[in-house]
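S.K.: Build me a model:
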Amino acid sequence: MTIAVGEALLAVGPEAAVKEIEDAVASNMQDWGKRYPHAGYGGSFRHWLKENNPKPYGSYGNGSAMRVSAAGWLYDSIERTREVARATGKAKRAVVFLLFRE
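M.R.: Predicted coordinates:
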């Protein structure tokens, strides 16, 4: 999913609005998940992959750290990185992960 998120962020560009980022990331993650359905996803995530209108589902696994890592490398300012991290990670620990990158 790290690749799926990175690919989506590159596709929308550095100035994309948060909603555009959220939509692109969700769509790309679902595409990648359908291509690789046996990649060891958790039950909630497997269900999320099939949703027509996917929403955050409150996962407590390690997915947020995997999803947010691309944001740490693609943006020049810490403010924009945090904004995008929140849009991709939907978990506070994902944003904390980026703070240690500096």
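
S.K.: switch to C-alpha atoms for all contacts and neighbour counts from now on
M.R.: OK.

S.K.: and stretch 74-85, how far out from the chain's middle?
M.R.: Distance of stretch 74-85 from its chain centroid, counting by C-alpha atoms, centre = their mean, to the nearest Å, is 13 Å.

S.K.: Show me which residues of it are buried.
M.R.: For stretch 74-85, burial by neighbour count (16 or more other C-alpha atoms under 10 Å) applies to L74, Y75, R80, T81, R82, V84, A85.

S.K.: Tell me which helix or strand the fifth one sits in.
M.R.: Yep, that's R82 we're talking about. helix 78-89 (DSSP states H and E).

S.K.: so where's this structure shaky on pLDDT?
M.R.: Applying pLDDT under 70 to the chain picks out residues 57-63, 89-102.

S.K.: In the helix ranked longest in the chain, which residues are buried?
M.R.: Among all segments of the chain classified by DSSP state H, the helix with the greatest residue count is helix 18-35. Applying a neighbour-count criterion of 16+ other C-alpha under 10 Å, one finds 20-30, 32-33 buried in helix 18-35.

S.K.: For the helix or strand following it, what is the distance to the chain centroid?
M.R.: Sequence order places helix 43-49 as the next helix or strand after helix 18-35, per DSSP H and E. Chain-centre distance of helix 43-49: 14 Å, with C-alpha atoms, centre = their mean.

S.K.: What are the buried residues along the helix or strand that helix 43-49 is followed by?
M.R.: Next helix or strand after helix 43-49 toward the C-terminus (DSSP H and E): helix 63-68. Residues of helix 63-68 classed as buried: G63, S64, A65, M66, R67, V68 (neighbour count, 16+ other C-alpha under 10 Å).

S.K.: Which other helices and strands does helix 63-68 contact?
M.R.: Helices and strands touching helix 63-68, by 3 or more C-alpha pairs under 8 Å, 6 or more residues apart in numbering; DSSP states H and E, are helix 2-12, helix 78-89, helix 92-99.

S.K.: Helix or strand next in line after it, which one?
M.R.: Beyond helix 63-68 in the direction of the C-terminus, DSSP H and E gives the next helix or strand as helix 71-74.

S.K.: so what does that following helix touch, helix or strand wise?
M.R.: Packed against helix 71-74 by the contact rule (3+ C-alpha pairs under 8 Å, 6+ apart) you find helix 78-89.
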